[in-house]
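Asks: Pasted the sequence and its predicted model underneath.
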Amino acid sequence: MKIFVINLSRSPERRASMEQQLSLLNLDYEIVEAVDGSQLSYTEIMKETMPLNYALSCGEVGCALSHINICKRIASEGIPMALILEDDALIDYRTVEVMSQIE
């Protein structure tokens, strides 16, 4: 199963934590740079969102776009199965067990 880890480039400590967890479990993974919502212009945010009855933060927009970008990649590359993790996830041997059961 392909594993993607979403990470903001300005959060190297989170990246290191994920790399350590995944390496200890002997899992192959790919770090994908997150869309930094704080760097999006108002125009970019309006282009990517629809009017809602509540306000989304810039971080929420960036997070959603990060997931959408990976989902598009999964579809375009025909990846049959993937796990998308954010860089603050906590994983252990149970994660590997569940992945094996799903596969």
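Replies: Arrived safely.

Asks: for residue 3, helix, strand, or coil?
Replies: With DSSP: H, G, I helix; E, B strand; the rest coil as the basis, residue 3 sits in strand.

Asks: just checking, it touches residue 82?
Replies: Yes. Assessed by C-beta atoms under 8 Å, residue 3 is found in contact with residue 82 at 7.1 Å. For glycine as for every other residue, the C-beta is placed from the backbone atoms N, C-alpha and C.

Asks: Show me which of these two is the more surrounded one.
Replies: residue 3 (18 against 15; other C-beta atoms under 10 Å).

Asks: ok, residues contacting the worst-scoring helix or strand of the chain on mean pLDDT?
Replies: Lowest mean confidence among the helices and strands of the chain (mean pLDDT, DSSP states H and E): helix 42-48, at a mean of 82. Under the criterion C-beta atoms under 8 Å, 6 or more residues apart in numbering, residues 37, 40, 58, 61, 65 lie in contact with helix 42-48.

Asks: repeat that with 6 Å
Replies: Contacts with helix 42-48, where a contact means C-beta atoms under 6 Å, 6 or more residues apart in numbering, come from residue 61.

Asks: Run through the strands of this protein in chain order.
Replies: Per DSSP state E, the chain carries strands over the ranges 2-7, 30-33, 82-86.

Asks: who does the shortest one pair up with?
Replies: Based on DSSP bridges, the pairing partners of strand 30-33 within the sheet are strand 2-7 (parallel).

Asks: residues making contact with the partner strand?
Replies: In contact with strand 2-7 (C-beta under 6 Å, 6+ apart) are residues 15, 18, 27, 29-32, 34, 66, 70, 79, 82-87.
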